[in-house]
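> Make a model of this:
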Amino acid sequence: MNYKRVFIFLIKAIPVLIFCCVVGLVAYQFGFNRGEQMVLKTVPSNVNEGLGVDDKVDFSIFWETWRRLEVAYIDKHQIDYQKMVYGAVEGMVKSIGDPYTTFFTPNQTESFNEELNGQYEGVGMVVGIKDEQLTVVSPFKGTPAEQAGLKSGDKIVKIEDVFTQDITIEEAVKIIKGKPGTTVKLLIQRKDWVEPKEFVLKRATIKIPTLELTQEGDDIALIKIYQFNKILVSEFQKAATEIVQANDKKIIIDLRDNPGGYLEVAQVVAGWFLEKGQVVVIQDEGIDKEKRQYLSLGPSIFVNYPVVVLINQGSASASEILAGALRDNRNIKLVGAKSFGKGSVQEQINLSDKSSLKVTIAKWLTPNGTSLDKNGLDPDLEVADSTSTIDAQLEKAIELLNK
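Predicted coordinates:
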């Protein structure tokens, strides 16, 4: 064997071998990186089925971001994967752009349900979005919010050190609520103020009132409804019995600063004043869906009673439904100020882990087809807000009934 020739051959072959190895390694790395990219962008099979999204929607970017984050983030032990899931879902729901369509975590769901049952810990007011700004819909009677002087229509510019321009209603409520005895600082802008003012409110256990019945003069019953909660049906039935027994002939329904509540409860109350079968409200569920009518169920006890309804900018939701139904069906006069204009329907959908989705499913129309959403109701007789000594709106309602 000619060892010299073999040696020379090997010397010449080394560069070729090195080149081949380099090419092989580059190809392998390229293939590995490409494969990793595909894996990162692959939607897990158990999630991919039944999404029902447009083919043009690149859902893979979610999983790519998720996996990049868990690989690259420096403090991996601090990653809370459940929190990441809730954050992603919350952002998805928020992207709809509807302030009343919201995702609740299990804790937030529990807190939300507490308010619907009439008791919670906080300052005692309902907030909403008006003209893209967090707004006081109404403070409840005898609560820290009312005692501090907050009014319907007040714009909440800042809560503590958090500006409210880009936060949801639920995020704002979460900051405002807290343990009784603690305080929360609000920066408030009112319509006739040059500069916003700071309010410091002490939190308390809030028992939300439902209904109050009083007498005005000899034969006028004044029904003050604070909210359309679950117990209003029984409370109203008691009040109705007292009105009949007292032989009152006229009724004032005070819906001022009433933020609303359950549609079905407003339907029941309307039934005392309307003939059975008359339209209370129309639910518009959008294009290609038939409008749904909610009808009076009776008992129509007060169908022939002269009635006046008091409203203001704190009258919202179910309050506007009742006021609109009485005006459209019976030409009952509305006295006070323009209502809030919260005319959308939300459904609370309970999810599998006790979280929930509150989603707008429809818009409300009065029996004559007038949309309540964002428009509100204009009063038939506009009367300025009452002063501390004279309730001018109530006085005007009494005057109308006495005529």
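> SS state for residue 174?
In three-state terms, and counting by DSSP: H, G, I helix; E, B strand; the rest coil, residue 174 is helix.
> where does stretch 95-108 sit relative to the chain's centre, distance-wise?
Centroid separation between stretch 95-108 and its chain, computed with Cα atoms, centre = their mean, to the nearest Å, is 8 Å.
> Check what contacts that stretch and list those residues.
86, 89-90, 92-94, 112, 128-129, 168-170, 174, 342, 344, 346, 353-360 (Cβ atoms under 8 Å, 6 or more residues apart in numbering). (C-beta placed from N, C-alpha, C; glycine too.)
> hmm, which of these are the buried ones?
In these, burial by neighbour count holds for 86, 90, 93-94, 112, 128-129, 168-170, 342, 344, 346, 355-360, counting by 16 or more other Cβ atoms under 10 Å.
> which residues touch residue 393?
Residues near residue 393 by Cβ under 8 Å, 6+ apart: 256, 310, 312, 335, 336, 337, 383, 385, 386.
> Not including adjacent chain positions, what is the nearest residue to the second one?
When you say that, I think you mean residue 310. Closest residue to residue 310 apart from its sequence neighbours, by Cβ to Cβ, 6 or more residues apart in numbering: residue 254 at 4.6 Å.
> Specify the beta-bridge partners of the one you found.
residue 224, residue 310 (DSSP bridges).
> Count the neighbours of it for me.
Look at residue 254: counted by other Cβ atoms under 10 Å, it has 25 neighbours.
> just checking, it touches residue 336?
No: look at residue 254 against residue 336 with Cβ atoms under 8 Å: they stay out of range, at 9.2 Å.
> so where do the helices sit in the stretch 201-350 of the chain?
232-245, 263-271, 318-330 (DSSP state H, counting those that start in this stretch).
> counting contacts, what elements does the second one pack onto?
I take that to be helix 263-271. helix 232-245, strand 279-284, strand 292-295, helix 318-330 (3 or more Cβ pairs under 8 Å, 6 or more residues apart in numbering; DSSP states H and E).
> same thing with the first one?
With contacts defined as 3+ Cβ pairs under 8 Å, 6+ apart, helix 232-245 has these neighbours: strand 211-216, strand 220-225, helix 263-271.
> Which strands or helices does the second one pack on?
It stands for strand 220-225. strand 211-216, helix 232-245, strand 250-254, helix 392-402.
> Go again with 7 Å.
strand 211-216, helix 232-245, strand 250-254 (3 or more Cβ pairs under 7 Å, 6 or more residues apart in numbering; DSSP states H and E).
> And the longest one, what's buried?
For helix 232-245, a neighbour-count test (16+ other Cβ under 10 Å) marks 232, 235, 236, 239, 240, 243 as buried.
> In contact with the fourth one: list those residues for me.
Contacts for residue 239 were tallied using Cβ atoms under 7 Å, 6 or more residues apart in numbering; they are 211, 213, 223.
> and residue 110, how far is that from residue 65?
30 Å (Cβ to Cβ, to the nearest Å).
> what does residue 78 give?
Distance, residue 78 to residue 65, using Cβ to Cβ: 18 Å.
> between the two, which one's more packed in?
residue 65 (12 against 7).
> and that one, what does it touch?
Counting by Cβ under 7 Å, 6+ apart, there are no residues that residue 65 touches.
> That one should be in a helix, yeah?
Yes: under three-state DSSP, residue 65 falls within a helix.
> can you pull the pLDDT of it?
Listed pLDDT for residue 65 reads 90.
> number of nearby residues for residue 369?
Residue 369: 11 surrounding residues under other Cβ under 10 Å.
> My guess is residue 343 contacts residue 360. True?
No: between residue 343 and residue 360 there is no contact under Cβ atoms under 7 Å: 10.5 Å.
> which stretches of this protein have low pLDDT?
Applying pLDDT under 70 to the chain flags residues 1-56, 114-119, 386-388.
> Kindly recompute the last result at 80.
Within the chain, the stretches with pLDDT under 80 are 1-59, 108, 110-120, 166, 170, 208, 385-389.
> Can you point out the buried residues in the helix or strand residue 146 falls within?
Per DSSP states H and E, residue 146 falls inside helix 144-147. By 16+ other Cβ under 10 Å, the buried positions in helix 144-147 come out as 144, 145, 146.
> Run through the residues that contact the first one.
For residue 144, the residues meeting the contact criterion (Cβ under 7 Å, 6+ apart) are 123, 124, 201, 202, 203, 204.
> The second one: how many residues sit nearby?
Pointing back at residue 124 there. Residue 124 is flanked by 26 other residues according to other Cβ under 10 Å.
> any idea how far it is from residue 167?
20 Å.
> on that earlier part again, for residue 254 and residue 336, list the residues in contact with both.
Counting by Cβ under 7 Å, 6+ apart, the common neighbours of residue 254 and residue 336 are residue 310.
> Let me know how buried residue 403 is, in neighbour terms.
For residue 403, the neighbour count with other Cβ under 10 Å is 6.
> in stretch 205-224, what counts as buried?
Across stretch 205-224, burial judged by 16+ other Cβ under 10 Å covers 206, 208, 209, 210, 211, 213, 216, 220, 221, 222, 223, 224.
> No further queries at this time; thank you.
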